[in-house]
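In: Sequence and predicted structure, then a few things I'm wondering about:
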Amino acid sequence: MDSIMEKLLIGLSLLFVTLERMSAQKETLNPKGCGVSSYKTMIVNGTEVKETQYPWAVFLATQFPSGQYACGGTIITKRHVLSAATAFLLTTNT
């Protein structure tokens with residue numbers, strides 16, 4: 001009986017140590033370079049704007065079997081972008 005309790009205690013200890021390490025890892029939501037476009041200027045309504053003039057605007061591109069589809073979005077939090085559902089849904093015309 002002691003052997004079973006020892007194994008259980010060791011197993012639980014390893015589980016708690018593993019879970020503690022996992023929760024202690026720093027989550028990087030916006031790593032350096034994330035969201036940085038390789039383009040130096042953007043075009044809005046045919047007029048060039050500074051790269052940082054509309055920092056909340058994003059460009060979304062989705063590759064569907066029928067081709068590529070582009071849509072825009074707006075950054076609303078560090079982890080969320082608001083966009084139209086059609087930017088993510090594959091629909092077929094029948």
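Out: It's in.
In: which ones are touching Trp56?
Out: Counting by Cβ atoms under 8 Å, 6 or more residues apart in numbering, Trp56 makes contact with Thr74, Ile75. In short, each C-beta sits where N, CA and C put it, glycine included.
In: can you list the weak-confidence ranges in this protein?
Out: Scanning the chain for pLDDT under 70 picks out 1, 19, 21-45, 90-94.
In: could you pull out the helices for it?
Out: Counting by DSSP state H, the chain has helices at residues 2-24.
In: need the contact list for the nearest residue to Pro55 once chain neighbours are set aside.
Out: Ranked by Cβ to Cβ, 6 or more residues apart in numbering and with sequence neighbours excluded, the top spatial neighbour of Pro55 is Ile75, at 7.6 Å. Taking Cβ under 8 Å, 6+ apart, we find Ile75 in contact with Pro55, Trp56, Ala57, Val58, Val81.
In: and if you look at Thr86?
Out: Applying Cβ under 8 Å, 6+ apart, one finds that Thr86 lies in contact with Cys71.
In: Distance check, it against Gly73.
Out: For Thr86, the distance to Gly73 equals 12 Å [Cβ to Cβ, to the nearest Å].
In: swap in Leu12?
Out: The spacing between Leu12 and Gly73, counted by Cβ to Cβ, is 45 Å.
In: Got a quick ChimeraX command for the buried subset of the contacts of Ile75?
Out: In ChimeraX syntax, the buried subset of the contacts of Ile75 is picked out as below (16 or more other Cβ atoms under 10 Å):
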select :58,81
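In: so where do the strands sit in the protein?
Out: Assigned by DSSP state E, the chain shows strands spanning 42-44, 47-49, 57-64, 67-75, 81-83.
In: Cool, thanks, signing off.
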